[in-house]
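here is a sequence together with a model predicted from it:
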Amino acid sequence: REGGAAAPSPAQTQTEDGGRVVVVEGSFRCGGQEHFYLETNSTLAVPSDSGTDMALYCSTQAPTKTQMYCASATGMAAARVVVRTKRMGGGFGGKETR
């Protein structure tokens, strides 16, 4: 509904055999949509026993960005954060910063 206008009401008629037909008329607009990504978004962060290094196993198309975000969030040097990822497919750029 736009501008407070009432939703269209369905018009009801009957078929020859007594069945009911409902006809709804109106318009629908939908904004942009994201692609459906084939792989799930997930990350497993494994700190070293000493707590000075971090290994990340994640589904990302941007391992360097992931490394920098994790280093910034944890206060570690980026060289202490290792990001491991399998070859990606079907992400269409949607796993760049997620």
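Thanks, I have the structure now.

let's verify Gln67: helix, strand, or coil?
Following DSSP: H, G, I helix; E, B strand; the rest coil, Gln67 is assigned to helix.

please apply the same query to the one 4 residues further on.
Three-state assignment for Ala71 (three-state DSSP): helix.

now do Phe36, the pLDDT please.
Turning to Phe36, the model gives it a pLDDT of 64.

I'd like the next helix or strand past the lowest-mean-pLDDT helix or strand in the chain.
For the chain, using mean pLDDT, DSSP states H and E, the weakest element among its helices and strands is strand 11-14, scoring a mean of 64. Moving toward the C-terminus from strand 11-14, the first helix or strand encountered (DSSP states H and E) is strand 20-23.

strand partners (parallel or antiparallel) of the helix or strand following that next one?
Sequence-wise, the next helix or strand beyond strand 20-23 is strand 43-47, with elements assigned using DSSP H and E. With DSSP bridges as the test, strand 43-47 is paired with strand 54-58 (antiparallel).

what average pLDDT does the partner strand get?
Throughout strand 54-58, pLDDT has a mean value of 94.

give me the contacts around that strand.
With contact meaning C-beta atoms under 8 Å, 6 or more residues apart in numbering, strand 54-58 is reached by 42-48, 66-67, 70, 74, 76, 80-85. C-betas here are computed from N, CA, C, even on glycine.

now that we have those, which of them are buried?
66-67, 70, 76, 81-83, 85 (16 or more other C-beta atoms under 10 Å).
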